[in-house]
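Visitor: Coordinates for the following, if possible.
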Amino acid sequence: MLKVVLADDEPSVLEGLRLFVNWDKLGFKIVGEASDGAASFSVIDETKPDLVICDIRMPGLNGLELIEKVNNEITSPPKFILLSGYNDFLYAQKALQLGALGYLTKPLDSEELENELCRAAGIIENERYSKLENLELIRYTANQLYNDIMDGKRSEKSGRKARFIFDIPDSAKICIVQFIADSSENIINNPENKIYDLLFQLTGIQNENCLFYNGNGSYIAVLHDSMPIFSHKARLAEKIAGQLRDININSYGFSAFWILISGMNDSGIIDSIYKCGKQLEQLQTYCMLHPEKNVFNYEEFEEKTISQSQSKTVTGAIFPELPFEKVVNSLKGNAADQVISAVDEFFHKLNRAAVSRRLYSICLYRLADVVRKMSYADGIEANRVIHNFTASIDSLNPNCKKLALEMCNFVFQKQNIHNDKPLFILENEILDYIKGNYRKTLSLQNIAEKFSLSAIIISKIIKKRTGQKFNDYFNYLRIEHAKMLIASANMKITAVCEESGYSDYSYFTEKFKEFAGVSPSEYKKKYS
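Guide: Numbering: from 1, shown residues only. Below is the predicted model:
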């Protein structure tokens, strides 16, 4: 459902707008009303609607002034349709210059209003899908950049890319927050889940590029001290902890949730991100030693007086030397027996180290973490097998080694699954998969995980083979299916909409007209 706000200083007009159209049928829900410009701004700011229908002449702020104020002061401003009893071209021209979708004159005609709402819904949904597709690629790029920096890769190009993606001023101090969600279900990449909304709520982040998925239930947020979240005197950790107390994480499908906050660093963008990332690695180990806590702050961690022996354990001074790198290299190789050999060597050396039970567990967690980072950096989503392994660690399940090998074999097989295939065969498989699943909820990330390739590579293959962006090709397949149903089956248009994979009727009609040149009903009259 798209959210809409109605604003007019005439009560009769507001009532008419409510009754003129079947809002539910058109895919809209009225979330607020107002009778003057100032009140309208407050309602818009509070409800965050997709569309505002407002009068051009209202007390306080007129419609044009309201659009300007909303566009200047609200992130992701809604679309506008303006109403007026004054059939003045200059008003319409100014409204369109400010970005309004349409301009209707009073008295309103219900059919004209419905048509305008259908057109607006199509524009809004199309922009939403395009934005999600672009944001998905940006977040994937952000994660690749972060992993490259943590691997020690540095260049002027990386600095420029980080400055652009994260919108970091040159002199800013950088802080990184890591969110780790544990779930028995593989819901992390479910497009229906609201994990990003939860994290935006916890941090107050406004730049969506700053938050990205880092694999295996881990999310990274790159922050800097000029963001509004740092304007309050309370420390970031205190604010996030306070927000977390009011949230039921089980409603998001998580059995556990941890938040790690690095210190503030001002050593330049690349160096600061690297230092913050290393601090988070220390915090992650400290987190394992204190499972009763949810929020961990590096500055607080530094301030604590820790006994020398515990300090050495936490920072890794007495951490046993284990072949983590050899395991990762075997996963990137092409010999399955090397994977078995590397895992055997890892557990042999760990068992000979005679470390405490807690440190033994931490070593296994680190193994899971290096596999997670390597697999996700290569476009492999191994959340399920990594979770199976980590769930066995604290109980020291006798199958722990077996599960570690299953985890590593899974990543190895995904890494090598396409090595022996010519490129054109792989491209055909990707297109065949899309053609077989276009009526389902499908994203670039879903396809990337299916084929163990990056979302960017999938996007380029689709563009190369079809000449279209993923979202355009996806809609093209759906509309072609809808045209076939309309021409060959005696089905209602609403049923065709659902059968073609669309949940929003107004968006379906807009896309149908875009691709077919006529509305679904007109197409039905012509061909059925």
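
Visitor: average model confidence for stretch 517-528?
Guide: Stretch 517-528 carries an average pLDDT of 85.

Visitor: got it, and stretch 28-47?
Guide: Mean pLDDT, stretch 28-47: 92.

Visitor: which parts of it are buried?
Guide: 28, 30-37, 39-41, 43-44, 47 (16 or more other Cβ atoms under 10 Å). In this view, the C-beta of every residue, glycine as well, is placed from N, C-alpha and C.

Visitor: Quick check: residue 219 is in a helix.
Guide: No - Residue 219 is assigned strand when assessed by DSSP: H, G, I helix; E, B strand; the rest coil, not a helix.

Visitor: Nearest residue to it in space, please, no chain neighbours.
Guide: residue 179 (4.3 Å; Cβ to Cβ, 6 or more residues apart in numbering).

Visitor: Tell me if I'm right that that neighbour and residue 212 touch.
Guide: No - counting by Cβ atoms under 8 Å, residue 212 is not a contact partner of residue 179; they are 10.9 Å apart.

Visitor: overlap in contacts of those two?
Guide: 219-220 (Cβ atoms under 8 Å, 6 or more residues apart in numbering).

Visitor: how about low-confidence regions in the stretch 251-400 of the chain?
Guide: 253, 288-289, 291, 303-319, 376-379, 394-396 (pLDDT under 70).

Visitor: residue ranges of the helices in it, please?
Guide: 269-289, 298-303, 308-315, 324-332, 336-352, 357-377, 383-391, 400-416 (DSSP state H, counting those that start in this stretch).

Visitor: what comes up buried for the shortest one?
Guide: This means helix 298-303. By neighbour count on 16+ other Cβ under 10 Å, the buried set for helix 298-303 is 298, 301.

Visitor: chain center to it, what's the gap?
Guide: 30 Å (Cα atoms, centre = their mean, to the nearest Å).

Visitor: Tabulate the helices of the stretch 251-400 of the chain (TSV), appending distance to residue 198.
Guide: Converted to TSV, the helices of the stretch 251-400 of the chain look like this (distance: least, Cβ to Cβ, whole Å):
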stretch	distance to residue 198
helix 269-289	19
helix 298-303	22
helix 308-315	29
helix 324-332	31
helix 336-352	35
helix 357-377	20
helix 383-391	18
helix 400-416	27
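
Visitor: wait, which of those is closest to residue 524?
Guide: Proximity to residue 524 (Cβ to Cβ) singles out helix 383-391 among the helices of the stretch 251-400 of the chain, at 44.4 Å.

Visitor: What residues of the closest one count as buried?
Guide: For helix 383-391, the neighbour count (16+ other Cβ under 10 Å) marks 383, 385-390 as buried.

Visitor: Dump that helix to PDB, restricted to CA.
Guide: What follows is helix 383-391 as a C-alpha-only set of coordinates in PDB (Å, rounded to 0.1, in the frame of the first residue of the first chain):
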ATOM      1  CA  ASN A 383      24.800 -18.000   6.100                       C
ATOM      2  CA  ARG A 384      23.100 -21.300   6.700                       C
ATOM      3  CA  VAL A 385      26.200 -23.500   6.800                       C
ATOM      4  CA  ILE A 386      28.100 -20.900   8.900                       C
ATOM      5  CA  HIS A 387      25.200 -20.700  11.300                       C
ATOM      6  CA  ASN A 388      25.100 -24.500  11.600                       C
ATOM      7  CA  PHE A 389      28.800 -24.400  12.500                       C
ATOM      8  CA  THR A 390      28.700 -21.500  15.000                       C
ATOM      9  CA  ALA A 391      25.700 -23.000  16.700                       C
END
